[in-house]
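In: Below is the sequence, then the predicted model.
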Amino acid sequence: MSYAEVYSAWKSDPEGFWMREAEKIDWDRKPSQALTRTGDNLYAWFADGMVNTCWNAVDRHVEAGRGDQVAIIHDSPITGTKREISYAELRDRVATLAGALRARGVGKGDRVIIYMSMVPEALEAMLACARLGAIHSVVFGGFAAHELAVRIDDARPKAIIAASCGIEPGRIVHYKPLLDSAIDQAVHKPDFCVILQREAAPAELTPDRDVDWHEVQQGAEPADCAPVEGDHPAYILYTSGTTGAPKGVVRPTGGHLVALHWSMKNIYNVDPGEVFWAASDVGWVVGHSYICYAPLIHGNTTIVFEGKPVGTPDAGTFWRVIEEHKVRSFFTAPTAFRAVKREDPKGEYLKKYDLSNLRAIYLAGERADPDTIEWTHEMTGKPVYDHWWQTESGWPMVANPVGIEAMEVKIGSPTVAMPGYEIHILADDGTPKPAGELGAIAIKLPLPPGTLPTLWNAPERFEKSYLAHFPGYYETGDAGMMDEDGYLWIMARTDDVINVAGHRLSTGGMEEVLASHPDVAECAVIGVKDELKGQLPMGFVCLTKGVNREPAEIEKECVALVRDRIGPVAAFKLCKVVDRLPKTRSGKILRRTMASIADGEDFKLPATIDDPAILDEIREGTSAMGYPRKLGEPV
C-alpha cells in the first residue's frame, strides 16, 4: 500500500485501523473497543484492555525464542566501556529490580522518580516500574535541585532511583548532593531512594533512606509482569510550560504500545533484530520513546550512548558507533550535526568509517535547517529525514513514512501527517487557512493512541493549554503552513518556549529566576539564533532604582542564578543590564521585536510601541553581547 492508501484507510475507519494494529501487541485481556469518550473533547484508547509494557518490551521476545538477541548496547566513550545485554539477561535484571521495589512497597499506581545518567540501569529502572504497574517520572540527570524538588512535589513519588553521578567530558556532575538538596526543599518526602554507585564518584548514602542498587536486589524475589488497564498511566514526563511551571504529560499504557510499535517499521524502517540508535537522553521524550520503549517493543537492539557528538574523543564518534554496532537507522537532533560540522566541516573523520549498514538518518527536536540537512546528506550519502513531534504526542505527528513509501524530501518540511493526525492550519479565530498561508497548527480531535490524555494533577490546565483556544482541536503551540501537496512547514513557536539544542525551555521560567535577584526590577528573556544550539536565551534586566553596583557584576550574578535554578541545560550566558524595556502602551514587552534586533532581522515597528527610542538601547545591548552574529563566527 502507498502512504495515501494507508492514510486513507485510517481516515475512513480510525478505530478499525488501530484495533488491527493492537493485534500486534500481547494483551492479557484484549480491548473490546478502540476509543472511549471520557468527557468533552476527552478520550481514552483501549481502556478496557489489560496489558503490561514490560512484557511486551522484554519477556515476549524471550518467550518467542529470541532471548539470546542483544537488547541493549551500552557504548560509553566517556568511561571507555562497552557492554551488551541480551533480552534474557534484561528480563532477569528487570524482574529482580522490580521484585526489590515491590518488597519495599512499590506497586501499581505508585510513582517513582528516576534521576540517572546514560547507563543501561536507567532503562532497567523504567522497565521495572512498568513491570509492577508503577508510574515512573524520569528527570534529566543533573537537573537543578529546585527543578527536581518541583517535580517531587507534583508526582509525590514513593521512591526515587538515582545514579551517584553523571560523567561529562572533563568533569563529573555529582547527582547525590542535588538529590539531597531537592528532597530537603520538597514538601513531599520519598519513602526510600535507590542509589546506583558509579565508580567515578560513589556517594555517601543517607541512613534510613538510601539503599545501594546492588544490595537492595540481593535475595529479592523476581517480580512477574502485572497487567494494567489500557488507559493506565505508564509514565509522567515533565515539559516546560509558558508560565514557567512544568507540565506533567501523562502517557497511557495501551496506546503507547500500539503507536510505538507501528512507528518503528512504518517511519524508521527497521525490522526486528536490527540495531536502532537514538542519540538522545532518557530525560527527554526521545529517550523514552526511542531509546527505551519503541525499539524493545518492536524487538530491535537499542543503543544507550554515553558521550557527545564531539569531544568524546572527536567528531568521528557518531560514525564509529554506527560502523561498530551496524546501526540501521540513526536518530538525533540537528544541533548534534551542527557541532560535528563545526569540528569537521570536510568530513575527514567520517572517511575513516564504513556506514554501509546505515539506511537513513532522522532529525527531530528542533527545526532542521537546510544547511545542516544538506551537509549531512552530502557527507554521508544517506537520506536525511526531518520529522516533527512533541513530548505531548510521544511519537511522530509528521514524518516521511519510509517503511510504507519513501516520499519526496522537501528540505525545510518534515513531510506529511501520520495516520491518527488530521492537521489543520487555523487563523486565530479558528477558521481554516488556505494552502501556503501561515497559521496556528492544530490537530483535529480525537488524538491517536499514545498521545497525552491529560496532564498529571492538572486536568483544567490541560484543557486550557491545549483544547480551549480551538474547540474540537488540539493546539500544538506551533505556527506553520501546509503546501498544495499536503506537506507541513513548521515556521515558529506561538508562545515563548525556546528550543536550546533540542531542549524546550521556558523563557518565562528564566524570567522568574532573574526577577528573584534583589537588584532586578524588571526583566525579559528572548531566544536568539545560534548556529550550534539552534537558539540561546538572552536576558535583559532593569535594575531597581538606587542600585549603584557595577552592571557587569550583576550580569554575572544573574547568569549564575539561572544556571543554579534551572541548570546548565538552559545554556544561559547572555545577560545585559538596560535602563528600560520596549513595551506597548498597554505594558506588554515586545519580545519578538527584541529577538529580531538580536538576530539582525528586518521587522515592522509595532504600531503600539510606547517609545521607539528604547530600541536603540536594545541594539546597543545585543551588540555588546556579540549579536547579531554572522553564521560561522566563533562565539
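Out: Okay, I see it.
In: Residue 270: neighbouring residues, count only.
Out: Using other CB atoms under 10 Å, residue 270 has 24 neighbouring residues. Any C-beta I mention is one placed from the backbone N, CA and C, and that applies to glycine too.
In: Kindly report the same for residue 454.
Out: Close neighbours of residue 454, defined as other CB under 10 Å, add up to 21.
In: isn't it right up against residue 251?
Out: No - the pair residue 454 / residue 251 is not scored as a contact, 10.7 Å apart, by CB atoms under 8 Å.
In: From residue 194, how far out is residue 462?
Out: As judged by CB to CB, to the nearest Å, residue 462 and residue 194 stand 31 Å apart.
In: correction: residue 130
Out: Distance, residue 130 to residue 194, using CB to CB: 16 Å.
In: Next: residue 267.
Out: As judged by CB to CB, residue 267 and residue 194 stand 35 Å apart.
In: just the helices in the stretch 51-200 of the chain please.
Out: Listed in chain order, the helices of the stretch 51-200 of the chain (DSSP state H, counting those that start in this stretch) span 53-54, 60-61, 87-103, 120-132, 145-155, 175-185.
In: Save the ones you listed as JSON lines, and put in mean pLDDT and distance to residue 20 too.
Out: Output for the helices of the stretch 51-200 of the chain, formatted as JSON lines (pLDDT from 0 to 100; distance: least, CB to CB, whole Å):
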{"stretch": "helix 53-54", "mean pLDDT": "98", "distance to residue 20": "20"}
{"stretch": "helix 60-61", "mean pLDDT": "98", "distance to residue 20": "19"}
{"stretch": "helix 87-103", "mean pLDDT": "98", "distance to residue 20": "26"}
{"stretch": "helix 120-132", "mean pLDDT": "98", "distance to residue 20": "24"}
{"stretch": "helix 145-155", "mean pLDDT": "94", "distance to residue 20": "35"}
{"stretch": "helix 175-185", "mean pLDDT": "97", "distance to residue 20": "44"}
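In: Which of those helices sits closest to residue 429?
Out: helix 145-155 (34.3 Å; CB to CB).
In: buried ones in the closest one?
Out: Using 16 or more other CB atoms under 10 Å as the test for burial, helix 145-155 gives 145-152, 154-155.
In: sorry, back to before: who has more neighbours out of residue 130 and residue 194?
Out: For residue 130 versus residue 194, neighbours defined as other CB under 10 Å are more numerous around residue 130 (29 against 26).
In: The more buried one reaches residue 58, doesn't it?
Out: No - if you go by CB under 8 Å, residue 130 and residue 58 don't touch, sitting 9.3 Å apart.
In: okay, now the domains of this structure?
Out: Listed by automatic domain parsing, the domain ranges of the chain are 87-226, 498-624.
In: Tell me who's in contact with the residue of the chain most remote from its centre.
Out: In the chain, residue 546 marks the outermost C-alpha relative to the chain mean, sitting 43.1 Å out by CA atoms, centre = their mean. Listed by CB atoms under 8 Å, 6 or more residues apart in numbering, residue 546 has no contact partners.
In: Am I right that it is in a helix?
Out: No - applying DSSP: H, G, I helix; E, B strand; the rest coil, one finds residue 546 to be coil, outside a helix.
In: For it, give its distance to residue 217.
Out: The value you get for residue 546 to residue 217, if CB to CB is used, is 60 Å.
In: Residue 258 too?
Out: Using CB to CB, residue 258 is found at 32 Å from residue 217.
In: in this protein, which helix or strand is least confident?
Out: Across the helices and strands of the chain, mean pLDDT, DSSP states H and E gives its lowest value to strand 503-506, namely a mean of 71.
In: Save the domains of the chain as a markdown table, and put in distance to residue 34 too.
Out: Output for the domains of the chain, formatted as a markdown table (distance: least, CB to CB, whole Å):
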| stretch | distance to residue 34 |
| --- | --- |
| domain 87-226 | 22 |
| domain 498-624 | 30 |
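In: Quickly compare those domains and say which is most buried.
Out: Of those, the one with the most neighbours on average (mean count of other CB atoms under 10 Å) is domain 87-226, at a mean of 20.
In: ok, residue 518 - contacts?
Out: Residue 518 neighbours (CB under 8 Å, 6+ apart): residue 544.
In: which residues touch the closest residue to residue 268 other than its chain neighbours?
Out: Of all residues not flanking residue 268 in the chain, residue 329 sits nearest, at 4.7 Å (CB to CB, 6 or more residues apart in numbering). Neighbour list for residue 329: 268-270, 274, 276-277, 358-362 [criterion: CB under 8 Å, 6+ apart].
In: Regarding residue 329, what are the backbone dihedral angles?
Out: Backbone torsions of residue 329, given as degrees, to the nearest 10, read phi -130, psi 130.
In: Residue ranges in the chain under the pLDDT threshold?
Out: For the chain, residues meeting the criterion pLDDT under 70 lie at 240-244, 367, 492-497, 504, 506, 584-588, 607-608, 630-635.
In: cutoff 50 now
Out: Low-confidence segments of the chain, defined by pLDDT under 50: 242, 586, 635.
In: and stretch 346-366, how far from the chain's centre?
Out: 22 Å (CA atoms, centre = their mean, to the nearest Å).
In: please begin residue numbering at 11 from this point
Out: OK, 11 is where the count begins now, so the last one is stretch 356-376.
In: sec struct for residue 573, please.
Out: In three-state terms, and counting by three-state DSSP, residue 573 is helix.
In: which residues does it contact?
Out: For residue 573, the contact set (CB under 8 Å, 6+ apart) comprises 580, 582.
In: same question, residue 296
Out: Residue 296 makes contact with 288, 290, 341, 374-375, 512, according to CB under 8 Å, 6+ apart.
In: Of these, which is the nearest to residue 301?
Out: residue 288 (5.0 Å).
In: Give me the distance between residue 62 and residue 379.
Out: Residue 62 is 41 Å from residue 379, by CB to CB.
In: These two: which is more packed in?
Out: More crowded of residue 62 and residue 379, by other CB under 10 Å: residue 62, with 25 against 20.
In: Relative to residue 69, how far out is that one?
Out: 8 Å.
In: Residues that sit against both of the two, list them.
Out: Joint contacts of residue 62 and residue 69 (CB under 8 Å, 6+ apart) are residue 235.
In: Who are the contact partners of the spatially closest residue to residue 264 that is not a sequence neighbour?
Out: In this structure, residue 264 finds its nearest non-sequential neighbour in residue 240, 3.0 Å apart by CB to CB, 6+ apart. When contacts are counted by CB under 8 Å, 6+ apart, residue 240 touches 41, 54-61, 262-265.
In: Out of the contacts of residue 296, which end up buried?
Out: Buried among the contacts of residue 296 (16+ other CB under 10 Å): 288, 290, 341, 374-375, 512.
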